[in-house]
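>>> Structure for this input, please:
(chains A and B)
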There are 2 protein chains.
Amino acid sequence: MNLNSEIVGFVAGTLTTLCWTPQAIKILRSHDAQSISLITQVAFVIGCSFWLLYGVLIGSASIIVFNTVTVALNLLIIVLKLRCDADEKDRFHQNPISDPVD
Amino acid sequence: MNLNSEIVGFVAGTLTTLCWTPQAIKILRSHDAQSISLITQVAFVIGCSFWLLYGVLIGSASIIVFNTVTVALNLLIIVLKLRCDADEKDRFHQNPISDPVD
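Okay, here's the model as predicted:
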């Protein structure tokens, strides 16, 4: 591993870690997460937890840090999604568009 | 690197690669991708392209394969999102909910 690959790995890790912030902000602002796949998010969090374990096993601090932040941000996205979907369900039951009688 | 870390890395890579399939299927089925952040998706694709380059630089076949598939699936998600968002915009201009006069 030389300096070039170190820099490329650092840029890659920073981008694939911090990129989840705009997604969390978008859900917080719009209160909508319906088109986000829960299966994808859960599988991604489990996968990144395995990357975290991999970082521990090979003793790589950067893999541990990147994946800890990625897991945290994606757990936040899952919590926000579940909350928004539940709110949306409540709103639908209180005032379903398909039944505009009231 | 021993057999344990190899297995953990393989599980991690498989999960964080294939997890994007349910997201693509969900968009195809619902024709909705409004709550997905375009900034997140684009930054993630650029980040995974750097991981791909990293794989080439350190000569890791598994990093190259995982990230090629991840980039391809997430480019598909971006294309689907742009198409669905454009269709949604067209529908809104043809029949805006905020203007139910007709």
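>>> And the closest residue to A:I78 other than its chain neighbours, which helix or strand is it part of?
Sequence neighbours aside, A:Q41 is the residue nearest to A:I78 in space, at 5.1 Å (criterion: CB to CB, 6 or more residues apart in numbering or on different chains). (Glycine included, C-beta is placed from N, CA and C.) For A:Q41, the host element (DSSP states H and E) is helix A:38-58.
>>> Okay, buried residues for that helix please.
A:40-45, A:47-55, A:57-58 (16 or more other CB atoms under 10 Å in any protein chain shown).
>>> for that helix, the distance to its chain's centre please.
Taking CA atoms, centre = their mean, to the nearest Å, one finds the center of helix A:38-58 at 12 Å from the center of the full chain.
>>> Rounded mean pLDDT for it, please.
Average pLDDT, helix A:38-58: 97.
>>> Now do the contacts for the residue nearest to the spatial centre of chain A.
When CA atoms, centre = their mean is applied to chain A, the residue found nearest the centroid is A:N74 (2.4 Å). Contacts for A:N74 (CB atoms under 8 Å, 6 or more residues apart in numbering or on different chains) come out as A:W20, A:Q41, A:F44, A:V45, A:C48.
>>> tell me the contacts of the closest residue to A:Q34 other than its chain neighbours?
Spatially, and ignoring its direct neighbours in sequence, A:Q34 is nearest to B:S35 (5.7 Å; CB to CB, 6+ apart). Listed by CB under 8 Å, 6+ apart, the contact set of B:S35 reads A:K26, A:I27, A:S30, A:D32, A:A33, A:Q34, A:S35, A:I36.
>>> From A:I63, how far out is the nearest residue to the third one once chain neighbours are set aside?
By the measure of CB to CB, 6+ apart, the closest residue to A:S30 outside its immediate chain neighbours is B:S35, 6.5 Å from it. Taken as CB to CB, to the nearest Å, the spacing of B:S35 relative to A:I63 amounts to 30 Å.
>>> Report the rounded mean pLDDT for stretch A:16-29.
Here the average pLDDT along stretch A:16-29 is 98.
>>> does chain B sit close to that stretch?
Yes - Stretch A:16-29 lies within reach of chain B by CB under 8 Å from any CB of the partner chain, at A:T16, A:T17, A:L18, A:C19, A:W20, A:T21, A:P22, A:Q23, A:I25, A:K26, A:I27.
>>> That'll do, ta.
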